[in-house]
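Engineer: here is my input, please return the structure:
(one chain, ligands or ions: 2)
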Amino acid sequence: MTTTIALAGKGGVGKTTVAAMVIKYLAQSGRGAIFAIDADPSSNLNMVLGLDLEWTVGEIREGMLSKVKESITAGGAAMGGLPSGMSKREHLDYEIRCSLSEGIEFDLIAMGRGEGRGCYCAVNHNLREVIDAIGDQYSFVVVDNEAGMEHLSRRTTRDVQHLLIVSDPSQRGIVAAGRIAGFRNELDINIENAYLIVNRLPDGEIPPALQEAIDAIDVPLLGVIPETRDVTEFEFSGRPLVEMKDDSPVYQAVNALHASPQELRGCIEEPLTHADSRRHYRRVRRTPHLQRSAARSGRVDDRTVAGSDPVSDRDRLPR
Ligand SMILES: Nc1ncnc2c1ncn2[C@@H]1O[C@H](COP(=O)(O)OP(=O)(O)O)[C@@H](O)[C@H]1O
Ligand SMILES: [Mg+2]
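Structural biologist: Ligands and ions are numbered 1, 2, ... in the order given. Below you'll find the predicted structure:
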């Protein structure tokens, strides 16, 4: 079973910072492979994870739609712009797998910018299926969202086990966190648990007035993270936050969050290793750049595409 952890909160409260620390924690605890999803176009989660990013899902989606459009404008069929023999779904599956940014302990995909004008329902439906199928290969999926969660259900159909709502230590921040928690009932995905995290507390202690505001919203407080100079120094130099020392107060605080609710540890009997997670698309990725240009020029090898089928390959994974 995959445990999905999503980060939410208004802009600038520390979602991406906390996401990086959660991923560092999960990686160090060695409890299975991690798939990070950057669902905030302005977030640059790749930078805090120290990964290069070549393509975003948004770019792939626009690329495919413009191929289809060009083909129709030229009097051809809608599928005429895609490499021969490939359905739209197969094409997206192939391109998305090629766009995964691979780390030693975690992989990343970035959603990129949102949709432009036009109807994206069908392509978004395919994308959701492809990304969900990739996520199923991992023990943990960590989604760094943009402010609010309005796009979360457009990106995934998977259940979210833990929604971590991050707030700054202000009355306004806590009220906004309460409002965000309320949205969860309006989404068409199931969120099992929602918790509040108060980040950037100057001395790590919650003042009584702030505690009152926290008590007034219906979101259990998971923990607090102090304001720390370590984070600022990493930001100055652009070093990936996952390289932060284990004794950094911010990492220690996130580490302590995992110790509190039993469920946050993830209930995985046989965690998938990073190697297991990758096995299903290894053939496709053997030479990703060549494969991608082959796909673009229509020279794609059918056997390669067949090998990327997420369902059949997943069935072959040792469980
Ligand atoms: N605990 C912290 N101590 C010091 N600076 C922090 C802390 N958490 C976040 N920051 C800083 O706050 C800014 C916004 O954080 P970020 O994680 O990008 O927020 P969000 O993803 O919610 O927009 C960044 O410059 C980050 O370095
Ligand atoms: Mg962010």
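
Engineer: is the longest strand belonging to the chain positioned near ligand 2?
Structural biologist: With DSSP state E setting the assignment, residue counts place strand 191-201 as the longest strand in the chain. No: for strand 191-201 and ligand 2, the contact criterion (Cβ under 5 Å from the ion) is not met; the two come no nearer than 11.8 Å. For glycine as for every other residue, the C-beta is placed from the backbone atoms N, C-alpha and C.

Engineer: let me see the mean pLDDT of the one helix or strand Ile165 maps to.
Structural biologist: Here Ile165, judged by DSSP states H and E, is contained in strand 160-167. Strand 160-167 shows an average pLDDT of 93 in the prediction.

Engineer: same check on stretch 229-243?
Structural biologist: 95.

Engineer: please apply the same query to stretch 2-18.
Structural biologist: Rounded to a whole number, the mean pLDDT of stretch 2-18 is 94.

Engineer: endpoint to endpoint, that stretch covers what distance?
Structural biologist: Between the start and the finish of stretch 2-18 there is a gap of 20 Å, counting by Cα to Cα, to the nearest Å.

Engineer: do the same with stretch 111-124
Structural biologist: 11 Å.

Engineer: one step back: what about dumping the CA coordinates of the strand holding Ile165 to CSV?
Structural biologist: Backbone C-alpha positions of strand 160-167 (Å, rounded to 0.1, in the frame of the first residue of the first chain) are rendered in CSV as follows:
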residue,chain,number,x,y,z
VAL,A,160,-4.5,11.1,0.9
GLN,A,161,-3.7,9.5,4.2
HIS,A,162,-2.2,12.6,5.8
LEU,A,163,-2.8,16.2,4.9
LEU,A,164,-0.3,18.4,6.6
ILE,A,165,-1.6,22.0,6.8
VAL,A,166,1.3,24.3,7.4
SER,A,167,0.7,27.8,9.0
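
Engineer: so Ser43 sits in a strand?
Structural biologist: No: secondary structure assignment places Ser43 outside any strand; it is coil (DSSP: H, G, I helix; E, B strand; the rest coil).

Engineer: quick one on the thing from earlier: after the strand holding Ile165, next one along is what?
Structural biologist: Next helix or strand after strand 160-167 toward the C-terminus (DSSP H and E): helix 171-183.

Engineer: briefly note if that next one comes near ligand 1.
Structural biologist: No: using Cβ under 6 Å from any ligand atom, no contact is recorded between helix 171-183 and ligand 1, whose separation bottoms out at 10.7 Å.

Engineer: hmm, what's the outermost residue in this structure?
Structural biologist: If you look at how far each residue of the chain sits from its centre, by Cα atoms, centre = their mean, the farthest one is Gly75, at 38.6 Å.

Engineer: please tell me how far the residue most central in space within the chain sits from Asp144.
Structural biologist: Closest to where the C-alpha atoms of the chain average out (Cα atoms, centre = their mean) is Ile37, at 1.5 Å. Look at Ile37 and Asp144: by Cβ to Cβ, to the nearest Å, they are 7 Å apart.

Engineer: the strands in the stretch 101-250 of the chain, which residues?
Structural biologist: Counting by DSSP state E, counting those that start in this stretch, the stretch 101-250 of the chain has strands at residues 101-102, 106-110, 140-145, 160-167, 191-201, 221-226.

Engineer: for the lengthiest helix in the chain, name the packing helices and strands.
Structural biologist: Under DSSP state H, the helix in the chain containing the largest number of residues is helix 57-73. Using 3 or more Cβ pairs under 8 Å, 6 or more residues apart in numbering; DSSP states H and E as the contact criterion, the secondary-structure elements in contact with helix 57-73 are helix 88-99, helix 121-135.

Engineer: in the last one, what's buried?
Structural biologist: The one in question is helix 121-135. Neighbour counts using 16 or more other Cβ atoms under 10 Å place 123, 126-135 of helix 121-135 among the buried residues.

Engineer: the shortest one now?
Structural biologist: Applying a neighbour-count criterion of 16+ other Cβ under 10 Å, the buried positions in helix 88-99 are 88, 90-99.

Engineer: quick one: which of those residues is nearest Ile191?
Structural biologist: Nearest to Ile191 out of the buried residues of helix 88-99 is Ile96 (Cβ to Cβ; 24.3 Å).

Engineer: can you check the pLDDT for that closest one?
Structural biologist: Per-residue pLDDT puts Ile96 at 90.

Engineer: ok, and the closest non-adjacent residue to it?
Structural biologist: Nearest residue to Ile96, sequence neighbours excluded (Cβ to Cβ, 6 or more residues apart in numbering): Val130, at 5.2 Å.
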